[in-house]
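Asks: The sequence and its predicted three-dimensional model are supplied below.
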Amino acid sequence: MSSELRVKKLRGSGGYIMASIDDEQQMKGNLGGPDLFLAPMGRLNTEIITKHFCNTCEKEFEGPPKIEYENPNEEVAENLILVEKGQYICNTCNSTIAEYREFRKEDEVKEIGEAKPVESVPQPTQVAPEPAVQEQPEVSPQVQQVSTQIPSQEKATEPTPVGSVSSIEGLDVYDENAKKIGTSRQVGIDSNQTMVLIISKNDGTEGSIPWSSVGKVGDIILLGKVSVTQVNQPGKCSSCGFVNNEGSKFCEECGTKLQ
């Protein structure tokens, strides 16, 4: 494998950087398609970064952005340690250009187990005020009956196997090899009336995962061996990813014939 350095554009969710990388680093950043992504590479040496572009500033700057990181060494799942997490940050507006997570298996042979569950925050219980006049003994049983019905309704609508639907929004989604494949967005229903998890994939497109294939949720979402179904987007070019106006026959960006 060649160790020659080449200047490449490495994309993040909030911009990109230009850096001199070798073939091994390029393989890490290649998630399929023509683009390279910064998140899988982790923390790069600032000396190899020549420029950075911020989507918020809509401007390219000379030199590297700021890199802030911490080393929690936290067990996020059985046999999976979150060694480091950090951000590439614009020097001008402090917007996040890219985020990264680095994981390590305690036992390389052993498989990754279930993710640590999200700690549930107990909800405050509303207590009905005592009536001023204690002459209606039937009021207390009625209040008690309502209070016992509400938890059972909440339990019936709680999705499984993941705890709260709202708790998964924005969490990083990793496959069985601890490789990040995207970020969770929402829960939806497909054409077969089956519940699915909608994610934003690393290449910027959307995908869906059967709800039954989603494991327990912790600080991240870990998946089993499942395939991500591509969500069709009208006018999107399969070659370069450019979203064209509906009804276009050819891509306005690269000229490829649209399906």
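Replies: Yep, that arrived. Numbering: from 1, shown residues only.
Asks: In the stretch 151-259 of the chain, where is pLDDT below threshold?
Replies: 151-168, 176-177, 187-195, 211-212, 215-219, 224-234, 241, 259 (pLDDT under 70).
Asks: the strands in it, which residues?
Replies: 172-174, 180-189, 195-201, 206-210, 214-217, 221-223, 229-230 (DSSP state E, counting those that start in this stretch).
Asks: Determine which of the ones you listed approaches Glu47 most closely.
Replies: strand 180-189 (25.5 Å; Cβ to Cβ). C-betas here are computed from N, CA, C, even on glycine.
Asks: ok and that closest one relative to strand 206-210, angle-wise?
Replies: Orientation check (axes from the mean of the first three to the mean of the last three Cα atoms, to 10 degrees): strand 180-189 against strand 206-210 gives 70 degrees.
Asks: State the paired neighbours of strand 180-189 in the sheet, together with their directions.
Replies: In the sheet, strand 180-189 lines up against strand 172-174 (antiparallel), strand 195-201 (antiparallel) (DSSP bridges).
Asks: Return the most buried member of those strands.
Replies: Using mean count of other Cβ atoms under 10 Å, the stretch among these with the greatest mean number of neighbours is strand 172-174 (a mean of 22).
Asks: rewinding a little: can I get the strands of the stretch 151-259 of the chain in a markdown table with distance to Ile89?
Replies: Formatted as a markdown table, the strands of the stretch 151-259 of the chain follow (distance: least, Cβ to Cβ, whole Å):
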| stretch | distance to Ile89 |
| --- | --- |
| strand 172-174 | 18 |
| strand 180-189 | 18 |
| strand 195-201 | 21 |
| strand 206-210 | 26 |
| strand 214-217 | 27 |
| strand 221-223 | 25 |
| strand 229-230 | 32 |
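Asks: Give the full set of residues in contact with the closest residue in space to Ile199 that isn't next to it in sequence.
Replies: Excluding its sequence neighbours, the residue lying closest to Ile199 (Cβ to Cβ, 6 or more residues apart in numbering) is Gly182, at 4.1 Å. Gly182 makes contacts with 172-173, 199-202, 207, 228, as judged by Cβ atoms under 8 Å, 6 or more residues apart in numbering.
Asks: between those residues, which is nearest His52?
Replies: Each of the contacts of Gly182 was scored against His52 by Cβ to Cβ, and Asn202 proved nearest at 19.0 Å.
Asks: count of neighbours near the closest one?
Replies: 22 (other Cβ atoms under 10 Å).
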